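Asker: sequence and predicted model, in that order:
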Amino acid sequence: MDSIQARERILNGPILKTMVILAWPVMLTGALQALYNLVDAFWLGRLGTAAMAAPGMAWPIIFFFQSFSGGFQAAGTAFVAQYFGAGNKKGAEKSAGQIVAFLLFSSIFFGALGFSLAPTVLRLIGTPADVFPSALIYLRIECAALPIMFTGQAFGGLVLGVGNTRTPMYLNVSSLILNAILDPVMVFGWGFFPAWGVAGAAAATVISRAMVAVIGVALLVSGRLGLTLRVRNLRPDFRHIVQILRVGLPNALDQISTSLGFVVMVGLVAGFGTTVVAAYTVGNRIINLINAATYGAASALMAMIGQNLGADQEKRAETIAKKGIVSTFAALAILYLVLLGARRFLFAIFVADQAVIKEGAWYITIFGISVPFFALFDACAAVFRGSGHTVPPMVMAIVRLWGLRVFLSWLFGYQLGFGTTGMWVGMTLSNVLAGLALYLWVRRGNWKRKIIKTVGPLAETP
């Protein structure tokens, strides 16, 4: 389906069928991204519990950087979708070039910062002594490769704006296959290649992501995806950067606050020892597999809401929001029940330690209850982001992580003495309460104003 066909389907096609067509490639892509880490966990688990826990300690810091990039990736989706829906290709391409240039510059800055501060941050979050050396190596390799990560994220967001979700899927399938091949070779060594251990797992992931970034940029430059990345649009334009910041910064603050909350959460988890860290690490990665359905639905909603508002189809956008939110919640409720039945089996694939399997199964039993409510939260946030109104999800993300999750996990887990069970309950309540609150905010309807009305010359038809 090319970009013109996608636009016609988004603006005039059956809503749920169009949502599925757009969502399933993103769902598969999200599952593949989760499998990146699960493949790492599979092989690193053969080196021991400490090696398997290392990516888990590094992940919140990596997620912090991904969150910044993801905030502006979502802004790129919103601008491109609304311009494309309005039939303004020139405006879409200008926004695309500015997003790519901004993220490239930012990735260099954050990569250097993360590399230098990695030891300090890992100590601050209470990394266990036996995990620290491996976590430091893993984190520094990921920081050095931030330009690759940011470029790949920019590509995905821009093509989503024109309704193309299959190309990123094809690239990520290829990337996962490459990662699966490289992981055992670089972790354990093969032939003349030395055994790099944890560093090998990080390097394999970076090389695999590089393939997506390079091919993605080449496709954008070629114009084959309905959106052309032009050199003249890469030159920083202060007016356009301000406009992008206006939409992207709340997105970034939303995701950054979430990532910082996860950093604190890992510190709370680490207080219960390496076994609990390992259970939490693998458990999150298993849950992320079914959350791929949430990410797919949210991505479809962003593109559909954005293009319909750009085309002045407010009523259709409202119907899309209602149907998308309800169907996403229902789908994740079903997937949680499937996960609940398979939780011990899934843990046993990646972990041999029975103590880790027991704690991990208990974690999924409790925290998994909140998975449909996280889907509710993410679907509602996608409605706001697709329309370019990014402050409400930012506010609720901060409340969810800092006002609820961190506080309740600390209160139940430590202060009231319920241990890990109390911590898992606190995490669950944060998703349930925040999901319901953001849903009520969506129902107010203040997200229905499109953002390209206020961006000046870019809104003009070329």
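Answerer: Arrived safely, thanks for sending. All values reported here derive from a predicted model rather than from experimental measurement.
Asker: what distance do you get for Pro14 to Thr120?
Answerer: Counting by C-beta to C-beta, to the nearest Å, the gap between Pro14 and Thr120 amounts to 53 Å. Any C-beta I mention is one placed from the backbone N, CA and C, and that applies to glycine too.
Asker: for Arg9, same thing?
Answerer: On the measure of C-beta to C-beta, Arg9 and Thr120 end up 50 Å apart.
Asker: which one of those two is surrounded by more residues?
Answerer: Using other C-beta atoms under 10 Å as the criterion, Arg9 and Thr120 rank with Arg9 on top: 18 against 8.
Asker: just say helix, strand or coil for that one.
Answerer: Of the three states, Arg9 takes helix according to DSSP: H, G, I helix; E, B strand; the rest coil.
Asker: pLDDT wise, what is it at?
Answerer: Looking at Arg9, its pLDDT reads 86.
Asker: which residues touch Phe193?
Answerer: The contact partners of Phe193, taken as C-beta atoms under 8 Å, 6 or more residues apart in numbering, are Val185, Met186.
Asker: what's across from it in the sheet?
Answerer: For Phe193, the beta-bridge assignment (DSSP bridges) gives partners Trp190.
Asker: and the gap between it and Val185?
Answerer: With the distance defined as C-beta to C-beta, Phe193 ends up 6 Å from Val185.
Asker: ok, Ile125 next?
Answerer: Remark: distance between Ile125 and Val185 (C-beta to C-beta) = 31 Å.
Asker: tell me the centre residue of the chain?
Answerer: Nearest to the geometric centre of the chain sits Gly70, at 6.8 Å (C-alpha atoms, centre = their mean).
Asker: quick one on the thing from earlier: of Ile125 and Val185, who's got more company?
Answerer: Using other C-beta under 10 Å, the more surrounded residue of Ile125 and Val185 is Ile125, with 20 against 16.
Asker: how much space between the more buried one and Asn251?
Answerer: For Ile125, the distance to Asn251 equals 24 Å [C-beta to C-beta].
Asker: what of Gly271?
Answerer: Look at Gly271 and Asn251: by C-beta to C-beta, they are 31 Å apart.
Asker: same question, Thr18
Answerer: Counting by C-beta to C-beta, the gap from Thr18 to Asn251 is 24 Å.
Asker: who has more neighbours out of these two?
Answerer: Asn251 (29 against 21).
Asker: can you report phi and psi for Leu227?
Answerer: With angles defined as degrees, to the nearest 10, Leu227 sits at phi -140, psi 130.
Asker: next, count neighbours for the closest residue to it other than its chain neighbours.
Answerer: In this structure, Leu227 finds its nearest non-sequential neighbour in Val162, 5.4 Å apart by C-beta to C-beta, 6 or more residues apart in numbering. Val162 has 27 neighbouring residues, counting by other C-beta under 10 Å.
Asker: same thing with Ala218?
Answerer: Neighbours of Ala218 (other C-beta under 10 Å): 12.
Asker: who's in contact with Asn446?
Answerer: Neighbouring residues of Asn446 by C-beta under 8 Å, 6+ apart: His389.
Asker: no no, Gln82
Answerer: Contacts for Gln82 (C-beta under 8 Å, 6+ apart) come out as Gly306, Gln307, Leu309, Gly310, Gly388, Lys450, Ile451, Ile452.
Asker: what segments of the stretch 51-200 of the chain are helices?
Answerer: Under the criterion DSSP state H, counting those that start in this stretch, the stretch 51-200 of the chain contains helices at 89-124, 132-144, 146-161, 166-188, 198-222.
Asker: quick one, which of the ones you listed is packed in tightest?
Answerer: Burial of the helices of the stretch 51-200 of the chain is given as mean neighbour count (mean count of other C-beta atoms under 10 Å); helix 146-161 ranks first at a mean of 26.
Asker: now do the helices in the stretch 301-450 of the chain.
Answerer: According to DSSP H, counting those that start in this stretch, the helices that the stretch 301-450 of the chain contains are 314-350, 354-367, 371-387, 391-398, 407-410, 419-442.
Asker: ranking those by mean neighbour count, which comes first?
Answerer: Sort the helices of the stretch 301-450 of the chain by mean neighbour count, taking mean count of other C-beta under 10 Å, and helix 371-387 sits at the top with a mean of 27.
Asker: packing partners of it?
Answerer: helix 49-85, helix 274-310, helix 314-350, helix 391-398, helix 419-442 (3 or more C-beta pairs under 8 Å, 6 or more residues apart in numbering; DSSP states H and E).
Asker: dump that helix to CSV, restricted to CA.
Answerer: The C-alpha coordinates for helix 371-387 follow below in CSV (Å, rounded to 0.1, in the frame of the first residue of the first chain):
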residue,chain,number,x,y,z
VAL,A,371,-1.5,-4.3,31.3
PRO,A,372,-4.9,-3.4,29.8
PHE,A,373,-4.9,-0.1,31.7
PHE,A,374,-1.5,0.7,30.4
ALA,A,375,-3.0,0.1,26.9
LEU,A,376,-5.9,2.4,27.9
PHE,A,377,-3.3,5.1,28.9
ASP,A,378,-1.2,4.7,25.7
ALA,A,379,-4.3,4.7,23.4
CYS,A,380,-5.5,7.9,25.0
ALA,A,381,-2.1,9.5,24.9
ALA,A,382,-1.9,8.6,21.1
VAL,A,383,-5.1,10.5,20.5
PHE,A,384,-3.6,13.6,22.1
ARG,A,385,-0.2,13.1,20.3
GLY,A,386,-1.8,12.5,16.9
SER,A,387,-3.6,15.8,17.2
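Asker: what is the mean pLDDT for it?
Answerer: When pLDDT is averaged along helix 371-387, the result is 93.
Asker: quick one: that helix to helix 146-161, angle?
Answerer: On the basis of axes from the mean of the first three to the mean of the last three C-alpha atoms, to 10 degrees, helix 371-387 is oriented at 80 degrees to helix 146-161.
Asker: so that it lines up with my notes, have the first residue be 420 from now on.
Answerer: Will do, 420 is the new start, and the previous item becomes helix 790-806.
Asker: can you give me the angle helix 790-806 makes with helix 468-504?
Answerer: Computed by the same axes, to 10 degrees, the angle between helix 790-806 and helix 468-504 is 40 degrees.
Asker: the inter-axis angle of helix 790-806 versus helix 838-861?
Answerer: For helix 790-806 against helix 838-861, the angle by the same axes, to 10 degrees is 40 degrees.
Asker: how far off centre is helix 790-806?
Answerer: Relative to its chain's centre, helix 790-806 lies at 13 Å (C-alpha atoms, centre = their mean, to the nearest Å).
Asker: tell me the confidence at Ala780?
Answerer: 91.
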